[in-house]
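> below is the sequence, then the predicted model.
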Amino acid sequence: MGMESNFQMKVETGDAGYVLEDVPHLTDYIPDLTTYPNPLRFNPAYSVVKQYFVHVNDTVPQKVVVHKNGPRGIHFRRAGPRQKVYFNSDEVHACIVTCGGLCPGINTVIRELVCSLYHMYGVNKVLGIDGGYRGFYSKNTIPLTPKVVNDIHKRGGTILGTSRGGHDTSKIVDCIQDRGINQVYIIGGDGTQKGAAVIYEEVRRRGLKVAVVGIPKTIDNDIPVIDRSFGFDTAVEEAQRAINAAHVEAESAENGVGVVKLMGRYCGFIAMYATLANRDVDCCLIPESPFYLEGNGGLLEFIEKRLKESGHMVIVIAEGAGQELLSESLQATNEQDASGNKQLQDVGLWISQRIRDHFARQCKMSITLKYIDPTYMIRAIPSNASDNVYCTLLAQSAVHGAMAGYTGYTSGLVNGRQTYIPFNRIIERQNKVVITDRMWARLLSSTNQPSFLDSKDLIEFKKAEETPTQQLDGESCKEDKPGN
Ligand SMILES: Nc1ncnc2c1ncn2[C@@H]1O[C@H](COP(=O)(O)OP(=O)(O)OP(=O)(O)O)[C@@H](O)[C@H]1O
Ligand SMILES: O=P(O)(O)OC[C@H]1O[C@](O)(CO)[C@@H](O)[C@@H]1O
Ligand SMILES: [Mg+2]
């Protein structure tokens, strides 16, 4: 096996095109660290479990659809408890921070991190950082025990508070160093994981024995590589209530139109899955799929047609859809939030007004339009049962990895298996709906809406989408060239 390594990335190659994109280990820069037997060996719940410890060579493939002579491809290190750990239980001083927007399940992750540290590894020093990254250097810490976190999974939001902006790497690492923190658990989206990557680099530059671990949080599902993000399932489920309400309103009026806006700043996963789940949606609009309003094949023509056919219709629109149309017709603003994310104008309000104006101009057909914006109501609820299980596994995997001395990784689900993914794989791009993949085709055939693209556009899209995006069902429909 060949090995090539740089500051962030450790790549190992093997037979038949096997590639391991490995994560850093504390021993990469602090040699001769003492190891201890994993305390789980003496834990009655786990000691009876056959093969409880993960084999040192276990890895998980990123691609499960393969061809006979194709390469085995990229793999990630399998998460889970190891025989040896690199921290004595008494020595561990962990902290947890939550950053970025809310998402169902954050409190469950916090709870399970605390409980895994206490109950599995006998750790009894866990601190919460108050209010996101800036809390490291500007606020008091919050002591966390299993008692404190006992029923927080039943609440939405984050008991630690969150914020955007305020990432000052050296002040954060100074705080970690001054407080003697040696395991840092960072829960947040793409921006947060970028922040975690630079904290890891600074920790390593200072030669500190500190494990820096990311836990991916994003209601939008915009983090690449992982199967899906926690809270996504809950968001899709909760979105049904808004879509159902829009459908009831639309169905009960003559030429009723229901418009529902869902979250998704740069990607339309919530809108796509909520639409596929619902079946009453006539048109789903997402940022990845451009559309136009006027003329032949445009949205307004489609609405007229659908109203004539069924007398009512429901439109689901992701908040980031049609932004180029908005900036053409409204005064473009360049406002950003404290993290540098573009502040979007309300596409739901805008499109509702455009539809109303169109039908007001056309005396032939009068419509009744109701606009529903459930976005923050969806984001603020506690996670559902399936997300709670997912959050638990993510948190436990994160703790096993840090105890085993791994660092500079995000804990994530790949093809149904918990893995450790190097930060740079997570932060290099955003996850997007691939509109030339089969999932979007399924949506188009379910709603029977126009694609708003001609075949020339589709060829351009195919060319642009060279890197296939992981699909939520683990399926990427991008054709692999034989022998590739
Ligand atoms: N490139 C970066 N380097 C360092 N820190 C960053 C970077 N990008 C963002 N951050 C920090 O990460 C935190 C969260 O970022 P952001 O507000 O973009 O949310 P996020 O983690 O992407 O979550 P979401 O988009 O799901 O709400 C902020 O405190 C921000 O300062
Ligand atoms: O109002 P806030 O907190 O900035 O969050 C809004 C953004 O956060 C997200 O939910 C991502 O966390 C986006 O979908 C949305 O645009
Ligand atoms: Mg983000």
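Looks like it came in fine. The structure presented is a predicted model; accordingly, all values stated were derived computationally and were not measured. Numbers count the residues shown, from 1 in each chain. Ligands and ions are numbered 1, 2, ... in the order given.
> hmm, stretch 405-422 touching ligand 1?
No: Stretch 405-422 stays clear of ligand 1 (C-beta under 6 Å from any ligand atom), getting no nearer than 11.8 Å. Glycine gets a C-beta too; all of them are placed from N, C-alpha and C.
> get me the contact residues on the stretch 301-450 of the chain for ligand 3.
Among all residues of the stretch 301-450 of the chain, none is adjacent to ligand 3 (criterion: C-beta under 5 Å from the ion).
> can you list the low-confidence ranges for the stretch 301-450 of the chain?
By pLDDT under 70, the weakly predicted segments of the stretch 301-450 of the chain are 331-332, 363.
> show me what residue of this protein gets nearest to ligand 3.
Each residue of the chain has a distance to ligand 3, by C-beta to the ion, and the smallest belongs to Gly189, at 3.8 Å.
> where does that residue fall, phi/psi-wise?
In terms of degrees, to the nearest 10, the main-chain angles of Gly189 are phi -80, psi -160.
> might one say that it is in contact with Asn221?
No: Gly189 is beyond contact range of Asn221, at 10.0 Å (criterion: C-beta atoms under 8 Å).
> list the helices and strands the helix or strand containing Gln193 packs on?
In this structure, Gln193 is located in helix 190-205 according to DSSP states H and E. Counting contacts by 3 or more C-beta pairs under 8 Å, 6 or more residues apart in numbering; DSSP states H and E, the secondary-structure elements packed against helix 190-205 are helix 169-179, strand 183-188, strand 211-216, helix 423-427.
> next up, the contacts around the closest residue to ligand 2 within the stretch 51-200 of the chain.
Closest approach of the stretch 51-200 of the chain to ligand 2 (C-beta to the nearest ligand atom) occurs at Gly101, with a separation of 2.7 Å. When contacts are counted by C-beta atoms under 8 Å, 6 or more residues apart in numbering, Gly101 touches 162, 164, 189, 219, 379.
> kindly recompute the last result at 6 Å.
Taking C-beta atoms under 6 Å, 6 or more residues apart in numbering as the contact definition, Gly101 lies against nothing.
> now it, what's its secondary structure?
Per DSSP: H, G, I helix; E, B strand; the rest coil, the local secondary structure of Gly101 is coil.
> how far away is it from Val123?
29 Å (C-beta to C-beta, to the nearest Å).
> next: Ser397.
Distance, Ser397 to Val123, by C-beta to C-beta: 16 Å.
> then Tyr376?
According to C-beta to C-beta, Tyr376 stands 35 Å off from Val123.
> in which helix or strand would I find the residue nearest to Lys370 when sequence neighbours are not counted?
Leaving out its chain neighbours, the residue that sits closest to Lys370 by C-beta to C-beta, 6 or more residues apart in numbering is Glu249, at 4.4 Å. With the criterion set as DSSP H and E, the secondary-structure element containing Glu249 is helix 232-251.
> and Tyr266, by the same measure?
Tyr266 belongs to no helix or strand, assigned by DSSP H and E.
> hmm, it is touching Ala318, no?
No: using C-beta atoms under 6 Å, Tyr266 is not in contact with Ala318; the gap is 9.2 Å.
> common neighbours of these two, please.
Common neighbours of Tyr266 and Ala318, using C-beta under 6 Å, 6+ apart, are Pro287.
> what about Gly416, how many neighbours?
By the other C-beta atoms under 10 Å criterion, the neighbourhood of Gly416 contains 9 residues.
> one more: Gln343?
Neighbouring residues of Gln343 were enumerated by other C-beta under 10 Å; the total is 10.
> just to revisit the earlier point, between Tyr376 and Val123, point out the one with more neighbours.
For Tyr376 and Val123, the more surrounded residue by other C-beta under 10 Å is Val123, and the numbers stand at 23 against 10.
> state the pLDDT value of the more buried one.
According to the prediction, Val123 has pLDDT 98.
> same check on Val126?
In the prediction, the pLDDT value recorded for Val126 is 98.
> can you check His25 too?
97.
> likewise Leu113?
For Leu113, the model assigns a pLDDT of 98.
> so what's it closest to, chain neighbours aside?
Leaving aside its chain neighbours, Leu113 sits nearest to Ala395 (4.6 Å; criterion: C-beta to C-beta, 6+ apart).
> mind checking the SS state of the one you found?
helix.
> quick check: it touching Val114?
No: judged on C-beta under 6 Å, Ala395 makes no contact with Val114 at a distance of 8.7 Å.
> just to be sure, Met313 is in a strand?
Yes: Met313: assigned to a strand according to three-state DSSP.
> can you tell me how far Gly188 is from Asn57?
When C-beta to C-beta is the yardstick, Gly188 and Asn57 sit 31 Å from each other.
> list the contacts for Met9?
Counting by C-beta under 6 Å, 6+ apart, Met9 makes contact with 422, 424.
> can you count the residues close to Gln83?
Around Gln83 sit 15 other residues, with neighbours defined as other C-beta under 10 Å.
> then Glu294?
For Glu294, the neighbour count with other C-beta under 10 Å is 11.
> so what pLDDT did it get?
93.
> now the one 5 residues further on
pLDDT, the model's per-residue confidence, is 97 for Leu299.
> ok, it touching Pro290?
No: using C-beta under 6 Å, Leu299 and Pro290 do not qualify as a contacting pair, with a distance of 11.2 Å.
> of the two, which one has the most company?
Leu299 (24 against 16).
> could you find the closest non-adjacent residue to the more buried one?
Nearest one to Leu299, counting by C-beta to C-beta, 6+ apart, is Leu293 at 5.1 Å.
> try Gly157
Nearest one to Gly157, counting by C-beta to C-beta, 6+ apart, is Leu102 at 5.5 Å.
> neighbours of that neighbour, how many?
For Leu102, the count of nearby residues is 19 (other C-beta under 10 Å).
> swap in Lys364?
The criterion is other C-beta under 10 Å. On that basis, Lys364 has 6 neighbouring residues.
> just Gln345 next, same as before
Gln345 has 16 neighbouring residues, counting by other C-beta under 10 Å.
> show me the contacts for it.
Taking C-beta under 6 Å, 6+ apart as the definition, contacts of Gln345 comprise 326, 330.
> just to be sure, it is in a helix?
No: remark: Gln345 does not belong to a helix; assigned using three-state DSSP, it is coil.
> tell me the residue of the stretch 151-300 of the chain that sits nearest ligand 2?
Checked against ligand 2 (C-beta to the nearest ligand atom), the nearest residue in the stretch 151-300 of the chain is Met263, 3.6 Å away.
> surely that residue touches Thr375?
Yes: counting by C-beta under 6 Å, a contact exists between Met263 and Thr375, whose distance comes to 5.0 Å.
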